[in-house]
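*Asks:* With the input below, show me the fold.
(one chain, ligands or ions: 2)
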Amino acid sequence: MTQRLTVIGTGYLGATHAACMADLGFEVLGLDADKDKIARLADGDLPFYEPGLEPVLRRGLDSGRLRFTTSYEEAAEFGDVHFLCVGTPQKTGEYAADLTYVDAAVGALAPLLHRPCLIVGKSTVPVGTAARLAGTVAESAPVGGDAVLAWNPEFLREGFAVEDTLHPDRIVAGLPGEQGAAEHAEKVLREIYRTMIAAGTPFITADYPTAELVKVAANAFLATKISFINAMAEVCEAAHADVTKLSEALSHDDRIGGRFLGPGLGFGGGCLPKDIRAFMARAGELGADQALTFLREVDEINIRRRIRMVDLARRLLGGSFAGRTVGVLGAAFKPDSDDVRDSPALDVAASIRAQGGRVTVYDPRAMENARRAQPSLDFASSALGAVRDAHAVLLLTEWREFRDMDPVEVSAAVAERNIVDGRNALDPERWRAAGWNYRALGRP
Ligand SMILES: NC(=O)c1ccc[n+]([C@@H]2O[C@H](COP(=O)([O-])OP(=O)(O)OC[C@H]3O[C@@H](n4cnc5c(N)ncnc54)[C@H](O)[C@@H]3O)[C@@H](O)[C@H]2O)c1
Ligand SMILES: O=c1ccn([C@@H]2O[C@H](COP(=O)(O)OP(=O)(O)O[C@H]3O[C@H](CO)[C@@H](O)[C@H](O)[C@H]3O)[C@@H](O)[C@H]2O)c(=O)[nH]1
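*Replies:* Ligands and ions are numbered 1, 2, ... in the order given. Here you go, the predicted model:
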């Protein structure tokens, strides 16, 4: 029975995967190139915010089933299965994915593989990467054909990472072309995910390219759905219609559904924006760029929401940010996360600052990351602190704390009662009743 797993790359994805696999009873060794991250994880101190994950991490450490290292030698010696969870960010100045970390991880691990094992890629990669990496493994693993590669893309959402890992919608297993290797990889993966499979989670086997494409196709669809409703918001703005009503009415059609139909400031984070761009870049390399030209529009609609938000705020302040104070609520790319990668909220805040506004930001969890990403912004230690003496308040990440704010209490802090609800998360009537000039994207 497969018991010993390594997880290479212990960021948002890998730390969650490692802790959850230990919780399921496996012996797990997490490996990262970042010594500080490994020291914190080994101490039971989660280096990022993810609801419900720290107790799982601590349980793993206390049970002795979960350990951490920076040593590839130790990982190669230990693991029957090696999960690859390193980052695949966007290349600077290009749409394509930067595969440096994936290549470095496989390059470091493969020459140390002296015993049979399965390498399981979970990172999001351009189609064709698995086949290329299988070649690297075949060339450099001392154990030869007994080191097999599978691709098992991950679909977890930040904020729900533990729940999504333990109860995924589906498991996709990209298997090698050689039949014996494919059967072996499938058997091992079915064993690892047996509790999920027993609970009815669909287990879908495919070849490498199809498995890789499922992941980017899913993110492309989600991004398209968000940009669709935000395109409708643009039309609603022009026609004085209400996109929240429109979205709700659409959602009752089962064929459309209401999820990911939330209009507002659009999508950000370490996944959707860079994944649709990498998908376009890869399709271009394959000569299939025409198939994905619509994703360029999806991306542009999304970026236009940020510009529109800044324009709306500027107009509310009489046409200029100069000498004006803006309170920004939210820095994370979405609530229940401290992740500020490609955060629409921080982008808007930085843009207003660049246009001469005084901007003070507050986020319940993302302050440290936000300060590091945008050191020139001012930060407050509470929501009321951020909006103190503001001429306009912008709600840019819909944390519960902000949705529950009492407009009367907030009134006492600000200089002028102007609010722009960038996430359509507040009740306009409640704010207007308290004397606020309430504005939102896509609503009259
Ligand atoms: N964050 C998510 O919600 C999520 C969900 C599904 C898929 N993914 C995909 O998973 C991958 C990881 O994403 P993430 O958000 O966890 O990124 P992250 O930046 O939080 O974590 C990546 C980790 O890999 C480590 N690393 C880099 N090079 C290494 C090396 N050579 N050896 C060992 N460790 C190394 C980094 O130090 C970092 O801790 C990406 O491909 C991403 O697209 C992420
Ligand atoms: O109706 C909606 C839903 C989401 N968003 C925004 O879209 C972004 C992404 O949200 P979400 O998808 O929940 O967050 P991620 O954690 O980035 O998860 C996505 O990216 C992951 C990494 O690839 C995948 O694993 C997940 O399945 C996929 O949902 C955020 O900025 C949200 O504010 C909207 O604007 N409107």
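
*Asks:* which residues does the nearest residue to residue 111 once chain neighbours are set aside contact?
*Replies:* Leaving aside its chain neighbours, residue 111 sits nearest to residue 140 (4.8 Å; criterion: CB to CB, 6 or more residues apart in numbering). The C-beta positions use only the backbone N, C-alpha and C, and glycine is treated the same way. The contact partners of residue 140, by CB atoms under 8 Å, 6 or more residues apart in numbering, come to 107, 110-111.

*Asks:* Give me the buried subset of those.
*Replies:* Neighbour-count burial within the contacts of residue 140 applies to 110-111; the criterion is 16 or more other CB atoms under 10 Å.

*Asks:* Could you tell me which of the contacts of residue 140 belong to helices?
*Replies:* residue 107 (DSSP state H).

*Asks:* and which of the contacts of residue 140 is nearest residue 309?
*Replies:* If you rank those by distance to residue 309 using CB to CB, residue 107 comes first, at 42.6 Å.

*Asks:* how about the nearest residue to the closest one once chain neighbours are set aside, secondary structure?
*Replies:* With sequence-adjacent residues excluded and distances taken as CB to CB, 6+ apart, residue 107 is closest to residue 136, at 6.9 Å. Under DSSP: H, G, I helix; E, B strand; the rest coil, residue 136 falls in the helix class.

*Asks:* Could I get the buried residue list for whichever strand or helix holds residue 213?
*Replies:* Secondary structure assignment for residue 213, by DSSP states H and E: helix 208-239. Neighbour counts using 16+ other CB under 10 Å place 208-216, 218-220, 222-234, 236-237 of helix 208-239 among the buried residues.

*Asks:* Please parse this structure into its domains.
*Replies:* 4-201, 207-444 (automatic domain parsing).

*Asks:* before we move on, the earlier item: which pLDDT value goes with the residue nearest to residue 111?
*Replies:* Per-residue confidence (pLDDT) for residue 140: 97.

*Asks:* Next one: it from residue 389, what distance?
*Replies:* 62 Å (CB to CB, to the nearest Å).

*Asks:* quick revisit: the residue nearest to residue 107: neighbour count?
*Replies:* A count of nearby residues for residue 136, using other CB atoms under 10 Å, gives 16.

*Asks:* right, and it touches residue 108 too?
*Replies:* No: using CB atoms under 8 Å, residue 136 makes no contact with residue 108, being 11.0 Å away.

*Asks:* quick one: contacts of stretch 213-227?
*Replies:* So stretch 213-227 is contacted by 124, 126-127, 153-155, 172, 204, 206, 260-262, 266-267, 271-273, 275-276, 278-279, 282, 292, 294-295, 297-299, 301-302 (CB under 8 Å, 6+ apart).

*Asks:* Is that stretch positioned near ligand 1?
*Replies:* No: Stretch 213-227 lies out of reach of ligand 1 by CB under 6 Å from any ligand atom, never closer than 7.4 Å.

*Asks:* for the closest residue to residue 332 other than its chain neighbours, phi and psi?
*Replies:* The shortest distance from residue 332 to any non-neighbouring residue, by CB to CB, 6+ apart, is to residue 366 (3.9 Å). Taking degrees, to the nearest 10, you get phi -100, psi 20 for the backbone angles of residue 366.

*Asks:* quick one, what contacts residue 366?
*Replies:* 49, 331-332, 337-340, 343, 397.

*Asks:* so which pair among these is furthest apart in space?
*Replies:* Farthest apart among these by CB to CB are 49 and 343. That separation is 13.8 Å.

*Asks:* The two - which one has more neighbours?
*Replies:* Each of residue 49 and residue 343 has its neighbours counted (other CB under 10 Å); residue 343 has more, 29 against 20.

*Asks:* Now do the contacts for the more buried one.
*Replies:* Residue 343 sits next to 268-269, 331-333, 366, 370, 373, 397 when contact means CB under 8 Å, 6+ apart.

*Asks:* All set now, cheers.
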